[in-house]
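Asks: give me coordinates for this.
(one chain, ligands or ions: 2)
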Amino acid sequence: MQLTSKLPNTGTTIFTVMSALANEHNAINLSQGFPNFPTDPKLNELVHAYMQKGFNQYAPMAGVPALRQILAHKVRSLFGFAADPDQEITVTAGATQGLFTAIAAFVHPGDEVILLEPAYDSYRPSIEVVGGVPVIYELKAPSYSVDWEEFERLITPKTRMIIINTPHNPTGSILRKADLERLEQLTDGTDMLVLSDEVYEHLIYEGEEHQSVLRFPQLRERSLAVYSFGKTFHATGWKIGYCVAPAHLMKEFRKVHQFNVFSVNTPMQYALAEYLQDEKTYTYLSSFFEKKRDFFLSTMAGSRLKPLHCDGTYFHLFDYSQISEEADTLFAKRLTTEFGVAAIPVSVFYSDGRDDKIIRLCFAKTEETLEKAGLLLQKV
Ligand code: PMP
Ligand code: GLN
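Replies: Ligands and ions are numbered 1, 2, ... in the order given. Below you'll find the predicted structure:
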């Protein structure tokens, strides 16, 4: 049989590769981003209770109304945007599905989509599989900030979408108010859409405020914002999230969503609707993870791995250029096999494989794990 791959340049995601290597070598897995501490038992009990009460059939296509209502409340209290729960919020099977659905709904073959790299690895193949053309703006170490004049030069009449991600995986950088204002200006009066990956909205440090596209009235008219309960509630395996967008965009998003997944599992939606009534279930997260970040850095003090800056997410970058000149992919593998700590090489998040000798470590782990990892990394 002759098959023509739609994604000839796409291999197995680095998260699968590094987690498998970590397991094989019994290494501490700081590569793939997931917590190694439990979800709140109260949330687990709620899921169980709704299953037992018989909430086990298809949910409405857009999501359980009670969940969309509490999400509308959350979005209003955080970002001042009174989203209509009926028309402007859709529950998705994780953020990855939300991102894919948004791209599939709006990107036509030949349309250009601007990405800021290093980028979460689902964006590029999602664009390519629907025939879109990724256009890359490279963020550079150590600040990974955007020069908007340079960025503007990438915009052409074919630009259909811009994908942003703040707080940013893998760099831990954030976009600030001035960045979003600039983006609002750049896109004003055009047909460009903004897809905003905000899965780390609650993981932002030093008292910084998360700058959602939803805070900016003109920008949000052309934006789809994507969120993940997996990140917020330490349950990455649940694969549930949501998308917020103005009704005219959500209408198109749902046309794809309904045949992409139709609807998302019912008992978790009811459980989350009840759990989210208490804002304290997520308002503690910044200080919780900021402490972990600082604890992790303290265990690494004296290590020859040099920390970069981390303003948000649960990832920290480290520069190893003083230790070795080898490619970051090889260095990350060697850290796993020889030193017992698995990491992600940042070059895999750049289309051109740009290698600045930087690795990413995930600090969403118990203090015990972070301490053990720190001791091992001291020896590198
Ligand atoms: N976007 C970013 C930036 C991420 O780091 C992740 C990681 N998991 C996702 C999206 C996907 O979220 P989900 O697991 O809810 O699909
Ligand atoms: N977002 C997680 C990370 O960056 C992993 C997601 C995945 O495994 N697909 O590590």
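
Asks: can you pull the buried residues of stretch 125-141?
Replies: 125-128, 130, 132, 134-137, 139, 141 (16 or more other C-beta atoms under 10 Å). Any C-beta I mention is one placed from the backbone N, CA and C, and that applies to glycine too.

Asks: stretch 311-323 too?
Replies: In stretch 311-323, counting by 16+ other C-beta under 10 Å, buried: 311-320.

Asks: equivalent analysis for stretch 13-23, please.
Replies: In stretch 13-23, counting by 16+ other C-beta under 10 Å, buried: 14, 17-19, 21-22.

Asks: and for stretch 156-176?
Replies: By neighbour count on 16+ other C-beta under 10 Å, the buried set for stretch 156-176 is 159-176.

Asks: pLDDT of it, averaged?
Replies: Mean pLDDT, stretch 156-176: 98.

Asks: using CSV, write down the CA coordinates of it.
Replies: Output in CSV follows, covering the C-alpha atoms of stretch 156-176 (Å, rounded to 0.1, in the frame of the first residue of the first chain):
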residue,chain,number,x,y,z
THR,A,156,1.3,39.0,5.5
PRO,A,157,-2.1,39.1,3.8
LYS,A,158,-2.2,35.3,4.3
THR,A,159,-1.8,35.4,8.1
ARG,A,160,-4.9,33.9,9.6
MET,A,161,-3.9,33.2,13.1
ILE,A,162,-1.4,34.0,15.8
ILE,A,163,-0.8,31.5,18.6
ILE,A,164,0.5,32.8,21.9
ASN,A,165,1.1,31.0,25.2
THR,A,166,1.4,32.7,28.5
PRO,A,167,2.8,31.7,31.0
HIS,A,168,5.0,30.0,28.5
ASN,A,169,6.0,26.4,28.2
PRO,A,170,8.9,25.6,28.0
THR,A,171,10.6,28.9,28.9
GLY,A,172,8.7,30.0,32.0
SER,A,173,8.4,33.5,30.6
ILE,A,174,5.2,35.5,30.6
LEU,A,175,3.6,38.1,28.3
ARG,A,176,2.9,41.4,30.1
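
Asks: close to ligand 1, is that stretch?
Replies: Yes - against ligand 1, stretch 156-176 shows contacts by C-beta under 6 Å from any ligand atom at 165, 169.

Asks: now that stretch, how far from the chain's geometric center?
Replies: From the chain centre to the centre of stretch 156-176 is a distance of 11 Å (C-alpha atoms, centre = their mean, to the nearest Å).

Asks: next, count neighbours for the residue of the stretch 151-300 of the chain found nearest ligand 1.
Replies: For the stretch 151-300 of the chain, the residue closest to ligand 1 is residue 228, as judged by C-beta to the nearest ligand atom, at 3.2 Å. Neighbourhood size, residue 228 [other C-beta atoms under 10 Å]: 25.

Asks: farthest pair in the buried residues of stretch 311-323?
Replies: Using C-beta to C-beta, those reach their maximum pairwise distance at 312 and 320, which is 22.4 Å.

Asks: now do the helices in the stretch 251-380 of the chain.
Replies: According to DSSP state H, counting those that start in this stretch, the stretch 251-380 of the chain carries its helices in the segments 266-275, 280-283, 285-299, 328-334, 367-378.

Asks: tell me which of the ones you listed is the most buried.
Replies: Compared across the helices of the stretch 251-380 of the chain, helix 266-275 shows the largest average neighbour count, a mean of 22 (mean count of other C-beta atoms under 10 Å).
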